[in-house]
Structures are given as C-alpha cells and as structure tokens.
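Visitor: Sharing a model prediction with you, sequence too.
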Amino acid sequence: MENKNKKQTKIQKIKKDNNSLSLPNYEPLRDELSKILENQRISKKKQDQILETTQKGFIGLALRNEELLNSNDQMKQQLDEVLKELNVIKEEREEKAARKEARANRKRLPKRDPMTGKIYRELMLATEGPTYIHLRTRMALCILAVTGIRINELLSLKVSQLETLFKENWIAIDRSKRGPSNHKAFLTKEGKKIIQDRQKDFQLIFLMKEQDSYLFTAESNHYKPLDRVVITRDVNKMMREVSNQISGKLNITSHSFRIGYITQLWKDSKDIEFVKQTIGHRKLDTTSAYVNKLSDQERQKRIDQLE
C-alpha cells in the first residue's frame, strides 16, 4: 500500500498543464490494461506485476517529458530576453540615426557677430532706467561682457560671489554639469574698467539683497533663481532693439558676449590652449571653432620667437 502511494505521489508531482503524460491521462490507460489482463487467464500476482512495470515506465516517461517541457520553457524565456535586448539595441540605433539625421537637416542659425565695446555701450544706454528689471538686465549684460560665461550660468550666481569679482578680479562659475564644478572666470583689464563703471548698480544690489540670495531673481523673491527663459528673453530683446538701430544688420544675441570674449583673448594671446582653459572649454576643437587661423606673417613671427 505504501509503495502504491509513493507511485501515485510521483505521478501527481507532474503538474505541467501541457504534459500529455499526466495522472488524469494515465488512469484510463491503466483501467483499460487491467480489463485486458483479466481476460487473459493470468494470475492476479502476474497482473499486478505487469501493471506495476507499466506504471513505472509511464512515470519515467512522464518525468522525462516534464523535464523536456521545463527545458523548453527555459529556452523560450532566454530567447525572449535575447529578443528584448536586441529590440533595445535596435531602438537605440534608430534613435541615434534619427538624431544624426535631425542634426544634418537642421537649419544652421546665421553666424552671430561678436560683442564689441561700441555695441556694449549702446546696450547699457538702452537699459538705463529706474526699475528693478532695468537694473537686472544691466547686471546681466555687464557680467556677460566681463566674463564670457553662458547666459544660463548667470542663474546660479549668488550675491556673495560678487566679492571676489571686486577684490580679486575673478568669479567662480558652477559648471558641475559640464566639467570642473568651480571654473574661475578672470577679468581682463577692460573687464576691470567695466566693473568699476557699474559700481552704482552693484551697490544697489548689495543694498537690496542678502549675501546668500541669488543675483538674478524676480523682484518679489530673492531666494529663487530666475528662469532661464526670462533672463534670455530680457537680454535678447534689448539686443535686438539695439542691433536694429545700428547700421550693418548685426546678428547679436546673448552668446555674442562669449564670442567677443574669446575673440579678444585669441587676438591678444594667439595661444589657443590658453584661450581654451580661460573660457572653460573641455575640448580644443570647441575653442578652434571660435577663432581665426593665424596668418602666414603671424606664424612666421611665432616661429622666429622660438629661436
């Protein structure tokens, strides 16, 4: 009786729904075989032996079939995972190709002109006014002119950072998303003069704001930096108005300050590695795109200096 229960348990362990050799399929076969044996004038003992042997064979086949079904499921799962990975790779390649095509088809913006001292002075005259927005725009134009930083880099500046601008002629710029987290933007001789000319504006800022507040904010909340869209809109609006008044159809935007700063550094030094490090580019190719090549005379002069 115990052996019979063990055999039944073995068969019952075969639980696959799609296993055709499961217990419900075995029982009709066993009953049919029992009827055949009863009609064959075989002793009861012999019948039990035949049934037992048959049952063992069935169990063996069922277990083997179960293993094959499990193996098939595992292979199917692995195949599904491989196909999923291939689909991810395919999607990434398609996205990369789409971005590449979009860049190739993208209309290039007209070349922007560099900022000059004359245009800067016109901008400052145009922004003269008593309102907070006038003051904020003048401050933005001034700092862009003397540091060559990007307009979005204005937004993280705090009032306390202006201290080094006056005392040590540099200001720390947060570039944690692009490279070194604290790039120092140094003032040139012209930059120092511009800062001194805007002393009154800086003094107003120191009176209006706490040291730990942001430099560029809304008038009502000095502890929340201004949105990039707002500062870009204010600066570029003023620059469009001024450029329309200047003959020659200049294309100047907030980035013209950075172009002008790099152009002047290159003109004064003719040292592209120095310009790259001063402006904070990570790659020399980026700096090269801003500067003109040395003339034959300039290259000859530099070579002569090496002797």
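Guide: Thanks, I have the structure now. Numbers count the residues shown, from 1 in each chain.

Visitor: Looks like residue 280 contacts residue 173 (just checking).
Guide: Yes - using Cβ atoms under 8 Å, residue 280 is in contact with residue 173, at 7.2 Å. The way it works is simple: take the backbone N, C-alpha and C, and place the C-beta from them, glycine included.

Visitor: Pretty sure residue 264 sits in a strand.
Guide: No - when DSSP: H, G, I helix; E, B strand; the rest coil is applied, residue 264 is found to be helix, with no strand at that position.

Visitor: Now do the same contact list for it.
Guide: 188, 190 (Cβ atoms under 8 Å, 6 or more residues apart in numbering).

Visitor: what's the answer for residue 202, then?
Guide: By Cβ under 8 Å, 6+ apart, residue 202 lies in contact with 139, 162, 166, 195.

Visitor: Which two of these have the greatest separation?
Guide: Farthest pair in those (Cβ to Cβ) is 139 and 166. Separation: 13.7 Å.

Visitor: Pick out whichever of these two has more residues nearby.
Guide: residue 139 (21 against 14; other Cβ atoms under 10 Å).

Visitor: Name the nearest residue to the more buried one, sequence neighbours excluded.
Guide: residue 201 (6.0 Å; Cβ to Cβ, 6 or more residues apart in numbering).

Visitor: And that neighbour, how far from residue 88?
Guide: 54 Å (Cβ to Cβ, to the nearest Å).

Visitor: ditto for residue 211
Guide: Relative to residue 88, residue 211 is positioned 50 Å away (Cβ to Cβ).

Visitor: go on, residue 63?
Guide: Distance from residue 63 to residue 88, by Cβ to Cβ: 38 Å.

Visitor: Who has more neighbours out of these two?
Guide: residue 63 (16 against 10).

Visitor: element containing that one?
Guide: helix 44-105 (DSSP states H and E).

Visitor: Give the rounded mean pLDDT of stretch 253-269.
Guide: In this model, stretch 253-269 has a mean pLDDT of 90.

Visitor: again with stretch 153-168
Guide: On average, stretch 153-168 scores 90.

Visitor: which regions of the stretch 51-200 of the chain sit below the pLDDT cut-off?
Guide: Scanning the stretch 51-200 of the chain for pLDDT under 70 picks out 51, 55, 58-60, 62, 66, 69, 72, 104-110, 176-181.

Visitor: For the stretch 101-250 of the chain, just list every one of the strands.
Guide: Under the criterion DSSP state E, counting those that start in this stretch, the stretch 101-250 of the chain contains strands at 170-174, 182-186, 217-218, 221-225.

Visitor: So what are the sheet partners of the first one and their directions?
Guide: Strands flanking strand 170-174 in the sheet, each with its direction: strand 182-186 (antiparallel) (DSSP bridges).

Visitor: Outside of the partner strand itself, which residues are in contact with it?
Guide: Here strand 182-186 makes contact (Cβ under 8 Å, 6+ apart) with 147, 148, 149, 169, 170, 171, 172, 173, 174, 175, 278, 280.

Visitor: Going by neighbour count, which residues in it are buried?
Guide: Residues of strand 182-186 classed as buried under the neighbour-count rule (16 or more other Cβ atoms under 10 Å) are 183, 185.

Visitor: Now it - C-alpha only, PDB.
Guide: Below are the C-alpha coordinates for strand 182-186, written out as PDB (Å, rounded to 0.1, in the frame of the first residue of the first chain):
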ATOM      1  CA  ASN A 182      34.100  75.700 -10.000                       C
ATOM      2  CA  HIS A 183      35.600  77.300 -13.100                       C
ATOM      3  CA  LYS A 184      37.100  80.700 -12.400                       C
ATOM      4  CA  ALA A 185      36.300  83.500 -14.800                       C
ATOM      5  CA  PHE A 186      39.000  86.100 -14.700                       C
END
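
Visitor: quick one: that strand to chain centroid distance?
Guide: 23 Å (Cα atoms, centre = their mean, to the nearest Å).

Visitor: and the gap between residue 64 and residue 57?
Guide: Distance of residue 64 to residue 57, given as Cβ to Cβ: 11 Å.

Visitor: same thing with residue 95?
Guide: 57 Å.

Visitor: now swap in residue 169 and tell me
Guide: As for residue 169, its distance to residue 57 is 95 Å (criterion: Cβ to Cβ).

Visitor: Done for today, thanks.
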